[in-house]
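Novice: output the structure for:
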Amino acid sequence: MIIIMKQGTTHEHVEELSQHIERWNVKANPIYGEDTIVIGLVGDTGAVDKDALMLDPQVENIIKVQEPFKLANRKFHPDNSVVEIAPGVVVGGKKLVVMAGPCSVESEEQICLVAELVKKSGASLLRGGAFKPRTSPYAFQGMREEGIRLLLEAKEKTGLPIVTEIMDLSHLPLFENVDVIQVGARNMQNFELLKALGHTDKPILLKRGLSSTIQELLMSAEYIMAGGNERVMLCERGIRTFETATRNTLDLSCIPVLKSLTHLPVIIDPSHATGVAKLVPPMAMAAVAAGADGLIIEVHNDPPHAACDGQQSLTPQAFDELARSVEKLRPFACRY
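Specialist: Have a look, this model is predicted:
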């Protein structure tokens with residue numbers, strides 16, 4: 001349920017009304033937009049007396065929210081959310097944010113070199129896998145704790161905030177100094193992990209599951225937000241279809257769909273979506289044109305000899321060319 005307040009309503013009045021509403025054992029979330037003030041109600045709203053609320057002279061309207069996701073719903077939060085990662089690094093604002101780096105951290109020399117090169121090309125964050133979820137138990141599983149240590153070293157040398165994937169709830173203490181915690185596709189519905197992340201204040205990059213619907217993605221975001229952490233970014237990384245020409249199928253239609261349903265920023269991962277390096281630039285540019293808030297792209301200094309996913313990794317030179325192209329395209333992107 002959403003209560004829309006009239007323009008000019010004071011913060012004091014909104015807070016008083018919110019306290020009154022919570023007598024019905026629901027949580028009232030006042031949201032102050034540029035042009036609109038709303039109070040979103042979360043919980044069992046069956047007992048809420050709508051007629052009594054409409055008697056308040058500052059209440060404009062009351063809307064029943066049909067969708068199961070509430071906190072992630074644009075109706076609750078009409079303005080686009082902005083997630084600040086670090087000073088000067090904001091996702092969801094006017095500037096396109098690019099996260100770039102290798103699929104896996106392999107050595108100090110490798111991660112620091114790639115970090116320096118992607119920063120030079122305009123990347124705002126360094127991505128790199130320390131814990132790697134692999135289909136085969138015999139494949140490279142990542143450097144684990146050592147990988148995080150090397151990411152932090154690259155951060156210290158370059159100043160780039162880092163984003164890396166968490167695999168298990170028990171690993172959470174290792175992510176204390178990580179700037180953005182990524183929840184991978186395979187963990188999108190690991191609800192205990194999502195609940196725990198909801199009690200942190202870390203920005204969360206939530207990837208869409210391999211065969212998950214958009215509503216399921218938003219419900220996973222709701223799990224995190226229900227715990228109190230609203231610093232959530234959604235990531236489309238391709239979904240599984242019958243097509244075999246690409247690793248996955250990049251669902252670019254999710255950008256306008258998500259923008260109509262939610263206020264959360266939308267990031268596109270063309271590397272995992274296509275699985276082919278030469279397809280990454282056109283899909284990245286298409287994502288920017290469609291209005292994505294950011295990109296996450298795999299870059300490796302020596303793709304043929306990468307520990308994993310070398311076939312979808314751009315060289316630093318190719319990434320530099322792409323970064324220049326998307327920057328030129330951004331002014332013409334769809335706006336929501």
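Novice: going forward, measure contacts and count neighbours with C-alpha atoms only.
Specialist: OK.
Novice: secondary structure class for Arg23?
Specialist: Classification of Arg23 by DSSP: H, G, I helix; E, B strand; the rest coil places it in helix.
Novice: show me the strands in the stretch 201-336 of the chain, by range?
Specialist: Along the stretch 201-336 of the chain, the segments classed as strands by DSSP state E, counting those that start in this stretch run 204-207, 232-236, 266-268, 294-298.
Novice: please apply the same query to the stretch 1-150 of the chain.
Specialist: 2-5, 27-32, 37-42, 59-63, 83-86, 89-91, 97-101, 125-127.
Novice: contacts for the third one, please.
Specialist: What that stands for is strand 37-42. Residues outside strand 37-42 that contact it (Cα atoms under 8 Å, 6 or more residues apart in numbering): 1-7, 9, 14, 18, 26-32, 70-71, 76-77.
Novice: one more time with 6 Å, if that's ok
Specialist: 1-5, 26-31, 76 (Cα atoms under 6 Å, 6 or more residues apart in numbering).
Novice: mind listing what it pairs with, with the direction of each?
Specialist: Strand pairing for strand 37-42, using DSSP bridges, gives strand 2-5 (antiparallel), strand 27-32 (antiparallel).
Novice: next, count neighbours for Ile85.
Specialist: Other residues within reach of Ile85, judged by other Cα atoms under 10 Å, total 20.
Novice: over to Glu153?
Specialist: 15.
Novice: re earlier: pick the most deeply packed of the strands of the stretch 201-336 of the chain.
Specialist: Burial of the strands of the stretch 201-336 of the chain is given as mean neighbour count (mean count of other Cα atoms under 10 Å); strand 266-268 ranks first at a mean of 28.
Novice: quick check: bridge partners of the spatially most central residue of the chain?
Specialist: Nearest to the mean C-alpha position of the chain, by Cα atoms, centre = their mean, lies Met233 at 1.8 Å. Beta bridges link Met233 to Leu205 when assigned by DSSP bridges.
Novice: before we move on, the earlier item: include distance to Thr315 and mean pLDDT when you put the strands of the stretch 201-336 of the chain into JSON lines, please.
Specialist: Listed next are the strands of the stretch 201-336 of the chain as JSON lines, based on distance: least, Cα to Cα, whole Å; pLDDT from 0 to 100:
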{"stretch": "strand 204-207", "distance to Thr315": "24", "mean pLDDT": "98"}
{"stretch": "strand 232-236", "distance to Thr315": "22", "mean pLDDT": "98"}
{"stretch": "strand 266-268", "distance to Thr315": "19", "mean pLDDT": "98"}
{"stretch": "strand 294-298", "distance to Thr315": "9", "mean pLDDT": "98"}
